[in-house]
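# how would this look folded up:
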Amino acid sequence: MPTVTMERVEMFSACHRLHSKELSDAENKETFGKCNHLNGHGHNYVWKVKLRGEVDPVSGMVYDLAKLKKEMNLVLDTVDHRNLDVDVEFFKTTVSTSENVAIYMYETLKSVMSNPSVLYKVTIEETPKNIFTYKGK
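Below you'll find the predicted structure:
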């Protein structure tokens with residue numbers, strides 16, 4: 001069977017503060033600059049999910065898009081209009097960089113998918129100029 005790559009895109013808004021408990025306040029300010037502001041800052045993120053797999057001969061699909069939309073929404077509910085550092089357990093112990101947001105979104109989606117073996121990668125666009133991709137381990 002032919003292998004096809006498919007992609008679905010969603011958006012979410014969230015705030016965070018780049019701050020590592022492993023660094024002093026001065027080191028955090030030096031490392032993260034204005035993104036270390038005490039009250040945080042926000043982004044309108046673009047989340048791209050790419051699946052890759054064989055086309056099912058019966059359904060003609062790699063993955064049911066309606067199912068993927070529901071599964072992605074389960075993940076979006078954990079981050080959309082949230083303070084990542086306060087509202088998402090993962091970021092209470094992990095710095096909420098966009099690299100780590102990509103890892104969180106990938107791993108959380110993988111955990112709710114009915115067939116996670118087709119999950120190829122996720123991309124987080126923090127801004128049109130700052131884009132982060134994670135393919136899993």
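# hey, where'd the strands end up in this protein?
3-16, 41-54, 82-83, 119-127, 130-134 (DSSP state E).
# Out of those, which is the most enclosed?
strand 119-127 (a mean of 19; mean count of other CB atoms under 10 Å). Every C-beta, even on glycine, is put in place using the N, C-alpha and C of the backbone.
# relative to strand 41-54, how tilted is that strand?
Angle of strand 119-127 versus strand 41-54, following axes from the mean of the first three to the mean of the last three CA atoms, to 10 degrees, is 160 degrees.
# Kindly spell out which helices and strands sit in contact with strand 119-127.
strand 41-54, helix 98-112, strand 130-134 (3 or more CB pairs under 8 Å, 6 or more residues apart in numbering; DSSP states H and E).
# Adding distance to Phe12, write these out as TSV.
TSV is the format used below for the helices and strands packed on strand 119-127 (distance: least, CB to CB, whole Å):
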stretch	distance to Phe12
strand 41-54	5
helix 98-112	9
strand 130-134	14
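# Tabulate those in CSV, adding columns for mean pLDDT.
Output for the helices and strands packed on strand 119-127, formatted as CSV (pLDDT from 0 to 100):
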stretch, mean pLDDT
strand 41-54, 97
helix 98-112, 98
strand 130-134, 98
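# Those: which one's closest to Leu65?
Nearest to Leu65 among the helices and strands packed on strand 119-127 is strand 41-54; the distance by CB to CB comes to 9.7 Å.
# The closest one: partners in the sheet, and parallel or antiparallel?
Paired neighbours of strand 41-54 in the sheet (DSSP bridges): strand 3-16 (antiparallel), strand 119-127 (antiparallel).
# Can you pull out the residues in contact with stretch 52-66?
Outside stretch 52-66, the residues within contact range by CB atoms under 8 Å, 6 or more residues apart in numbering are Met1, Pro2, Thr3, Val4, Thr5, Met6, Arg8, Leu51, Asn115, Ser117, Val118, Tyr120.
# closest to Gly40 among these?
Nearest to Gly40 among those, with distances taken as CB to CB, is Arg8, at 28.3 Å.
# Looks like that closest one contacts Met72 (just checking).
Yes. Arg8 lies in contact with Met72 (CB atoms under 8 Å); the separation is 6.5 Å.
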